[in-house]
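Novice: Take this sequence and fold it.
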Amino acid sequence: MSRALFLARLLRAALFGLCAHTLLSAHALAAEPTGAAAVPPRVLGLSHVAVKATDYEGSVAFYRDFLGFAEQGRLFDLKNGRRQLVFLKISDTQSIEVFDAANVTQVAGNLYQIALQIEDAAAMRLHLLKHGFKMPPKVPLGQMLNANFMVRDPNDYIIEMVQYLPEGRMVLDRGRFLSATRISDRLVAAGVATAKFPETLRFYGEIFGFPQESPRAGPALGEPLHRFRVGANGDYVEVRVAPKDDTPFFRLEVRDLDHAKAQLERSSYFPTYGRPLAIQSVPSRPRAIHLWDPEGIRVELVEPDTASSKDTSTPHAPPVRTR
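Specialist: Reported below is the predicted structural model:
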C-alpha cells in the first residue's frame, strides 16, 4: 500500500470517528436530564373545583336544583363501593365535584380541590418532580379515563393536574349534560387563603409560571387580594393573605346578573335556600351575588370583569392528544 493511500484511509477513519463521536455526544446531551425547565409546561385553565360535603345529597341538590348544573356522573370507590363524588358539568371543559366528606381525607377548608387543565401531564409530572414534589412513577388514569395526579400547595390545598384524553369522559361527553338552565357556563376563579405568602407566591408564580396581577383591595382594610392568571383565557387563582381559611370560595361568570337573580328566585329550590339574594355593586369591580352552599362555601356569581386585562379570545377547549 502506498504511503499516500495509507494516509488517505487514516484521515477518512479519523473523520468518521469524529462524526460518530459528535453524534453520540449530541444524543447523550439530549437524553441527559437537566434542571427544572425555564418555561413550565402549559396550563390551559381551570378544570374544576371540588367541595367536601357532610350533607352529600343536600350539597348536590344546591348545585343541581338551585344553580341548574346537570349531573355528569357519580363515582364510587372501586375497592369498597363507598360513594366518592358527584360531578356536575359547567361546560365541556369545566365542572364542579361534590365529595362525600365521610370518605375523603380532611384537608384545608371545605374547598377540597382546585384542578388545572394541563396540556401534557407527563411533562408536568417531570417538571414538578424536578422541583422536589413527590410524584407517581408515571401519570395514572382516573375513573373518568383522564390523566391526572395531585400536589399540595403550601397551604395544604389539593391542586389536581388533569389532561383530557380522547378516550376520557370530558372529551366523549362533549355537548352532553349541559343543562339549558345552568346559571353559568364558566368557572372563572377559585380562592385560597394563606399565612405563607412567600411560599405561595413561589408555588403559583415561579413553579407554575402564572403571571401575577397588581394586588387588589380585599373586603377588609389592609387585606390585599393577589390574582395569578391560569392559562390565556382569563381564569385565575385568587390568594388572600389570612391566618386561616374561613371563607373558601369559587367564582362563576354570568352574562346578566339581573336575569340570574330572577332565575334563582323562581327556582323550586329557592324556599329551601332561605336567604335573600342581593346584587352587590362596588366601584371598579364587577357586580356580584354571593351565595353559600350547605357547607358554607361561598359561590360568587359575577358579571364579566371588563376592567381586567384578561384575554377571552382563547377558546376554553381541550386539545385532543394521545398519551
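
Novice: can you pull up the bridge partners for the nearest residue to Pro140 once chain neighbours are set aside?
Specialist: Once flanking residues are discounted, Pro140 sits nearest to Phe149: 6.3 Å by C-beta to C-beta, 6 or more residues apart in numbering. To be clear about C-beta, it is placed using only N, CA and C from the backbone, and glycine gets the same treatment. When assigned by DSSP bridges, Phe149 has beta-bridge partners Met161.

Novice: surely Phe149 meets Met161?
Specialist: Yes - at 5.6 Å, Phe149 counts as touching Met161 under the criterion of C-beta atoms under 8 Å.

Novice: list residues touching both of these two?
Specialist: Here Phe149 and Met161 have Ala121, Arg125 as joint contacts, going by C-beta atoms under 8 Å, 6 or more residues apart in numbering.

Novice: More neighbours: the two, which one.
Specialist: Met161 (23 against 19; other C-beta atoms under 10 Å).

Novice: how much space between that one and Gln72?
Specialist: According to C-beta to C-beta, to the nearest Å, Met161 stands 20 Å off from Gln72.

Novice: Repeat that for Ser268.
Specialist: Taking C-beta to C-beta, one finds Ser268 at 22 Å from Gln72.

Novice: which of the two has more neighbours?
Specialist: Gln72 (20 against 8).

Novice: can you confirm that one is in a helix?
Specialist: No - assessed with DSSP: H, G, I helix; E, B strand; the rest coil, Gln72 is strand; it does not lie in a helix.

Novice: Tell me which residues touch it, please.
Specialist: Counting by C-beta under 8 Å, 6+ apart, Gln72 has contacts Phe87, Leu88, Lys89, Ser95, Arg169, Asp173, Arg176, Phe177.

Novice: For the second one, grab phi and psi.
Specialist: Here is the backbone geometry of Leu88 (degrees, to the nearest 10): phi -120, psi 130.

Novice: number of nearby residues for the nearest residue to it once chain neighbours are set aside?
Specialist: Closest residue in space to Leu88, ignoring its immediate chain neighbours: Phe69 at 3.9 Å, by C-beta to C-beta, 6+ apart. The local packing of Phe69 (other C-beta under 10 Å) involves 27 other residues.

Novice: Please look at Phe69 and Arg182 and confirm they touch.
Specialist: Yes - in this structure, Phe69 is within contact of Arg182 by C-beta under 8 Å, at 5.1 Å.

Novice: Outside of stretch 197-214 itself, list whatever touches it.
Specialist: Everything outside stretch 197-214 that qualifies as a contact, by C-beta under 8 Å, 6+ apart, is 39-40, 43, 116, 128, 131, 153-155, 192, 194, 226-230, 236-237, 239, 241, 308-309.

Novice: which residues touch the closest residue to Ser91 other than its chain neighbours?
Specialist: Of all residues not flanking Ser91 in the chain, Asp185 sits nearest, at 4.9 Å (C-beta to C-beta, 6+ apart). By C-beta under 8 Å, 6+ apart, Asp185 lies in contact with Ile90, Ser91, Leu178.

Novice: Need the buried ones from the residues you listed selected in PyMOL.
Specialist: Command for PyMOL that selects the buried part of the contacts of Asp185, burial taken from 16 or more other C-beta atoms under 10 Å:
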select buried, resi 90+91+178
